[in-house]
Every structure is written in C-alpha cells, then in structure tokens.
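>>> what's the 3D shape of this:
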Amino acid sequence: MGKQNKAGVFTILFIIGCLGIAKAQINVSNWQVGVNGGIFVYQGDLTPSTLGSYKTVKPTLSVYVSRILSPSFLLRTNLAVGQLKGDEAKYSSPAYRRQRNLSFTTPVTELSELLVWNMFGNNSNEIGNKFSPYLFGGVGVSFLSVKRASNLNKSYFTNEPTVAIGLAADMRVNPPKAILVVPVGVGIEYYLTPHVALTAETNFRYTRTDYLDGFSKVTNTNKNDFYQSHTVGLVYKFGKKNQLGCPVLKY
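As a prediction, the model looks like this:
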C-alpha cells in the first residue's frame, strides 16, 4: 500500500474516531454544581392567602451537587439556608387578624435529596436545546428555631373564649427544632455555554406539622403549615476537553 493510501486510511479512521467522541466533547463528566438565590414564602395559619404570605418573604440561598444518572435523570443533594416569617398585623382583612396579632420568625437550614427529571433528556446538553424544563421531588429535613409572639386583644375576643384558651395551650407546646419536608417543584434551564446554564425554580415543601409558625389551636385549624421558594441561579456542568486534538464538529 502506498504512502498516500496509508495516509488516506489513517485520516478516515481519525475522522470516524472523532465522530464517535464528538458528543463527549460537550461533557463527559457525571457531576454538576450549582447555586440558587431567591425568596422563602411562608404558607400557613397566619396568612389569609392560600398562595402564601408574600408580604413577609425572606431571602434564601442554596448550593447543591448533582450526579447525572442518565440524559433524563439526576440525583441532587441540596443545602438551603434562609428565613421564614409570618405576621398577622400585615393583613387588615379579615379584621380579627390584627386583633389576634400573631407573628413568628425562624431561621431555616434545609438538607434535601432530590430526583430531577429533565423532560427533554438534555442533562448534558445532548440535544443542543438552549431551554430544558425539569421536574423534581424528594425528601429532606429542615432545622428551625421558631420565635413566636402575640399581642392578643382579649377584649375583642370576649365572646370567643376559645381564642385565649387556644393561645395558652399553644404557648405550652415547644415548636419543633427539626421537621421532615417533601420538596416538589418545577424548573427551567437555559444554556449560556456547553458547561454553564441559568436556572429558575419554584420549590414547594410539604410538611407534617401545624407548628412551623408556633401556633395551631389558637388558629382553630387542622391544616398543616408549608413553605416554598422561588429562586434563580447558575449550574456548572463539569467536562473534559478532547485530549486527541479532534476538531469540534457542529451538526
């Protein structure tokens, strides 16, 4: 075989090899890290809105590490810190809320494990879409330090003695220091580069307690308390450069 033929065969094999690893040039690592910032929204007895207390939102910051299982699924270990607050004095209607005047604040440190489903199967930008929506759910634990207060107007509730009785009963109960949470949410990812993406998420936390805000019996409700977050952030997807010197192919 002549030198020219050998060179041609080598070139063909080289191109075939490069085609085989072209997608791997995008990202051949299974790990990602990210950071999110936004707001925590309390959702419980001290607000008349079923959507949560947007008059008392507090900041939150989270960091996470993700392990890609497939183009569609990844596991994410998430650490979030922030605050929750509820304050009935913020609401003039119904009128009894300002007369009952319950409030609370608590720092929150939440550790959770999430399973994330990328709806387009684009965890490592396999299909080249800029936008990728995703859903997630999991389980976690939140550490709290609830500080509650009440300036109850007893004369306003003269004909409703159960309010004062309920408040006294609540004050004998120590609020939880830690609670189990079930985070469920939705997000969208926008690729800025093959390795960096902008994210936006809404994350709702189910709980099994009515004492997240420190009150239960005085509010005369059997509903548990919840909280949620709305955040934006950045995720970095680790990857390795092609060590064989193959050209980057665009297709």
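
>>> show me what contacts the residue minimising distance to the centre of the chain?
Centroid check for the chain by C-alpha atoms, centre = their mean gives residue 203 as the closest residue, at 4.3 Å. With contacts defined as C-beta atoms under 8 Å, 6 or more residues apart in numbering, residue 203 is in contact with 136, 183-185, 228-229, 231. C-beta coordinates here come from the backbone N, C-alpha and C atoms, glycine included.

>>> residue ranges of the helices in the stretch 101-250 of the chain, please?
Using DSSP state H, counting those that start in this stretch, the helices of the stretch 101-250 of the chain run over 161-171.

>>> what ranges do the strands span in the stretch 151-251 of the chain?
178-191, 196-207, 226-237 (DSSP state E, counting those that start in this stretch).

>>> what inclination does the second one have with respect to strand 226-237?
Here strand 196-207 runs at 160 degrees with respect to strand 226-237, directions being taken by axes from the mean of the first three to the mean of the last three C-alpha atoms, to 10 degrees.

>>> What residues of strand 196-207 count as buried?
Across strand 196-207, burial judged by 16 or more other C-beta atoms under 10 Å covers 197, 199, 201, 203-205, 207.

>>> which regions of this protein sit below the pLDDT cut-off?
1-28, 240-251 (pLDDT under 70).

>>> Kindly recompute the last result at 80.
Residue ranges of the chain with pLDDT under 80: 1-28, 126-128, 220-221, 239-251.

>>> now the longest strand along it against strand 226-237, angle please.
Scanning the chain for the strand with the most residues, using DSSP state E, yields strand 102-118. Orientation of strand 102-118 against strand 226-237 (the same axes, to 10 degrees) gives an angle of 40 degrees.

>>> Could you spell out the sheet neighbours of strand 102-118, each with its direction?
Here strand 102-118 is paired, per DSSP bridges, with strand 73-87 (antiparallel), strand 131-144 (antiparallel), strand 147-150 (antiparallel).

>>> now it and helix 161-171, what's the angle there?
Using the same axes, to 10 degrees: strand 102-118 against helix 161-171 is 70 degrees.

>>> and the strands paired with strand 102-118 as TSV, adding distance to residue 115 and mean neighbour count?
TSV is the format used below for those (distance: least, C-beta to C-beta, whole Å; neighbours: other C-beta atoms under 10 Å):
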stretch	distance to residue 115	mean neighbour count
strand 73-87	6	19
strand 131-144	6	17
strand 147-150	34	15
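
>>> among these, which is nearest residue 179?
strand 131-144 (5.3 Å; C-beta to C-beta).

>>> Of the strands of the stretch 151-251 of the chain, which is nearest residue 32?
strand 226-237 (4.9 Å).

>>> buried stuff in the closest one?
Result for strand 226-237 [16+ other C-beta under 10 Å]: buried residues 226-231, 233, 235, 237.

>>> Now find how far off-centre it is within its chain.
5 Å (C-alpha atoms, centre = their mean, to the nearest Å).

>>> Can you tell me the strand partners of that strand and which way each runs?
strand 31-43 (antiparallel), strand 196-207 (antiparallel).
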